[in-house]
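# When you get a sec, could you give me coordinates for this:
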Amino acid sequence: MSTNKEIITHANPHTIKKFELIEKYVSEWAHKLLNNEYCKGIVFIDCMSNSGEYYDDNNNQVFGTPVRVANLLHSISFKYHQKSIDLFFSDLSKDRTTHLKGLLPQNTPNFHCFVSSEDGNNLAKRIGSSFYKNTHYLLVYDPYVATIDWSAIVPYLNGWSEVIINHMVNDSKRAIKNVKSEKAKSKYENTYLSSIEDLILLEQTKEGFEKRIEDIIQMNHTNSKYKMYIAVFPFFNEKHSLIYNLIHCSSNIEGFKTFKKSAWKTFGGKSSIKDKHGLENQIVLNVENLRNDLTEADDTCFYVKDIAAYIQKNFNGKQGVALDEIWSILDLHPIFPSDGYKSEIKNALKEYFNVEIKKSRLYFEDRSSYNERS
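Model (predicted):
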C-alpha cells in the first residue's frame, strides 16, 4: 500500500463503520429501486469523496465509500442491464481524485463513474438543478467539519431522492463557544442558520445542534405531497465521545425503514457502536407517563430490549393488539427498526415483559402501578 499520507489517510474505527453502513444501505437501496418498474435508473453522489483508500489502526488497507459503492453497483449492473447506474465523486484535491480513478471499476454500457476535482457543493448543485425523470438520487454529504451548504442539499430534500448527511457535532460543540474570527462565525451560522450568539446558547443544551439540523431539514422540505422521514445515528470514538451523527433523509418510508435496519445490522444488533460494558442488561421502565421515549435509558445506544420496553409503554395493559400495529409504530420511530428484528423483538417482549403472543395478537400486562427493573 502506498505510504503517501496526504492521499491515503488514516480511518478511525468509527469512520470504517460509517463506510460499512453506507455500503450496506446502498446494497438494499439499489435492489429495491432497480426492481421497481417505474425507476429507469439510479444516481449515487459522494460529493466529498476523498481518495477512496485509507489505512486503519493496524496499517491495513481500507476502502472508503466511493470504492465500496462503485464495486457493489458495478457487480449488479449486469443484472439490471436495462437500467442506468451513474456515480459521481468529487474532491478538491486533484491528487486524490486521480488516485480514486485508479481504484474504480471500468464503465459498462449502463454503469458510469464520473470523477471531478471541484467543490462538492458545486457538484451537488449542478446535478440537483436538473433531475432526470424516473431516476432516483442518493446524495452523500460528508464534510470533515461542521460545514453545510443547504442550497446544495435542498433540491434533494424535495425530489425523488434521499440524502445522507454527516453532521460533525464534535466540531460544533468544541469550537463554537470559543470562535473568534468572522470566517469561522460565518461557517457555523451558515450551517445552523442561526446567529453565533444563539448557537452559543444552543451549545449548552443536550441536543441543541442535533435538533437544529433536523429542524432545518424539515423547514426546507417543502414538497407537501410527501412526509420527510429522518433517521439519526450517532458515531463515537474509542473514548465514547460523540464525533458525528449520520442523518438519513427520505420522503419514502421504505427507505427510512431500510436505513434503520442497515444501521442496526452494521452495529451488531444495537443502535450505535458504543460499548456499554454489560449495562445494556439494565432496563428501567416507568409507565406512569406513556411517552414516546424511554425514561431512564442510554439514548446513545439502544438494544432490542429497549425496543421491547418502548412497545410495552405504548401498549401497557392492552389486550389482543395486532402484530401489524406493533410494527406500524416502530416503522415511524426515528431509531428503532421493525424490519430484520421482528423475531428478536417478540422474544424480548415475552422474556422481559411477560407479553403473551397468540395467533398474531399480543396481550400486555398492566404495569402502570410500579416501576420494574429487568
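# what about the closest residue to S90 other than its chain neighbours, which helix or strand?
Leaving aside its sequence neighbours, S90 sits nearest to L123 (Cβ to Cβ, 6 or more residues apart in numbering; 4.4 Å). Quick note: C-beta positions are derived from backbone N, CA and C, even for glycine. Using DSSP states H and E, L123 maps to helix 120-128.
# for that helix, which positions count as buried?
Residues of helix 120-128 classed as buried by neighbour count (16 or more other Cβ atoms under 10 Å): G120, N121, L123, A124, K125, I127, G128.
# Just the pLDDT at the first one, thanks.
Model confidence at G120, given as pLDDT, is 97.
# residue contacts, the closest residue to it other than its chain neighbours?
Spatial nearest neighbour of G120, excluding adjacent residues (Cβ to Cβ, 6+ apart): C47 at 3.1 Å. Counting by Cβ atoms under 8 Å, 6 or more residues apart in numbering, C47 makes contact with F88, F89, S90, G120, N121, L123, A124, L139, V140, Y141, D142, A152.
# again with I148
I148 makes contact with Y141, I165, H167, N190, T191, I213, according to Cβ under 8 Å, 6+ apart.
# any idea how far it lies from D91?
The gap separating I148 from D91 is 17 Å, by Cβ to Cβ, to the nearest Å.
# Kindly report the same for S130.
23 Å.
# Comparing these two, which residue is more hemmed in?
D91 (26 against 7; other Cβ atoms under 10 Å).
# residue ranges for the helices of the stretch 51-200 of the chain, please.
65-77, 94-101, 120-128, 150-158, 169-175, 182-192, 196-202 (DSSP state H, counting those that start in this stretch).
# Could you say which one of those helices comes nearest to I8?
Checking these against I8 by Cβ to Cβ gives helix 94-101 as the closest, at 7.5 Å.
# What strand or helix carries A30?
helix 13-34.
# err, G268, not the other one
Using DSSP H and E, no helix or strand contains G268.
# residues near it, how many?
A count of nearby residues for G268, using other Cβ under 10 Å, gives 8.
# where along the stretch 201-350 of the chain do the helices fall?
For the stretch 201-350 of the chain, applying DSSP H, counting those that start in this stretch gives helices covering 208-220, 253-266, 304-314, 323-331, 342-353.
# what about the first one, distance to the chain center?
Averaging C-alpha positions (Cα atoms, centre = their mean, to the nearest Å) puts helix 208-220 15 Å from its chain's average.
# The last one now?
What separates the centre of helix 342-353 from the centre of its chain is 26 Å, taken as Cα atoms, centre = their mean.
# ok, and what's touching it?
269, 283, 285, 304-305, 307-309, 311-312, 326-327, 330, 338, 355-357, 362, 364-365, 367, 374.
# Can I get it in PDB, CA atoms only?
Backbone C-alpha positions of helix 342-353 (Å, rounded to 0.1, in the frame of the first residue of the first chain) are rendered in PDB as follows:
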ATOM      1  CA  LYS A 342     -39.300  -9.000  14.400                       C
ATOM      2  CA  SER A 343     -38.400 -12.300  15.900                       C
ATOM      3  CA  GLU A 344     -35.900 -10.800  18.400                       C
ATOM      4  CA  ILE A 345     -38.500  -8.100  19.400                       C
ATOM      5  CA  LYS A 346     -41.200 -10.700  20.100                       C
ATOM      6  CA  ASN A 347     -38.800 -12.800  22.100                       C
ATOM      7  CA  ALA A 348     -37.800  -9.800  24.200                       C
ATOM      8  CA  LEU A 349     -41.400  -8.900  24.900                       C
ATOM      9  CA  LYS A 350     -42.100 -12.400  26.200                       C
ATOM     10  CA  GLU A 351     -38.900 -12.700  28.200                       C
ATOM     11  CA  TYR A 352     -38.700  -9.200  29.800                       C
ATOM     12  CA  PHE A 353     -42.400  -8.100  30.000                       C
END
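# Quick check: buried residues in that helix?
E344, I345, K346, A348, L349, Y352, F353.
# is it possible to export the buried residues of helix 120-128 to a markdown table including distance to N58?
A markdown table is the format used below for those (distance: Cβ to Cβ, whole Å):
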| residue | distance to N58 |
| --- | --- |
| G120 | 30 |
| N121 | 35 |
| L123 | 33 |
| A124 | 34 |
| K125 | 39 |
| I127 | 37 |
| G128 | 39 |
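# burial of the nearest residue to V179 once chain neighbours are set aside, as a residue count?
Leaving aside its chain neighbours, V179 sits nearest to K185 (5.5 Å; criterion: Cβ to Cβ, 6+ apart). Neighbouring residues of K185 were enumerated by other Cβ under 10 Å; the total is 16.
# can you check the one 10 residues further on too?
Other residues near S195 come to 12 when the count uses other Cβ under 10 Å.
# now swap in Q218 and tell me
Using other Cβ under 10 Å, Q218 has 14 neighbouring residues.
# pLDDT at it, what is it?
pLDDT for Q218: 97.
# go on, the one 10 residues further on?
Looking at M228, its pLDDT stands at 97.
# Identify the residue spatially nearest to it, adjacent ones excluded.
Nearest one to M228, counting by Cβ to Cβ, 6+ apart, is H221 at 4.1 Å.
# Run a quick neighbour tally on the one you found.
Other residues near H221 number 17, with proximity taken as other Cβ under 10 Å.
# what does E6 give?
9.
# Repeat that for S271.
S271 is flanked by 24 other residues according to other Cβ under 10 Å.
# mind giving me the domain split of the chain?
Each domain of the chain is listed here as a residue range: 9-266, 279-373, per automatic domain parsing.
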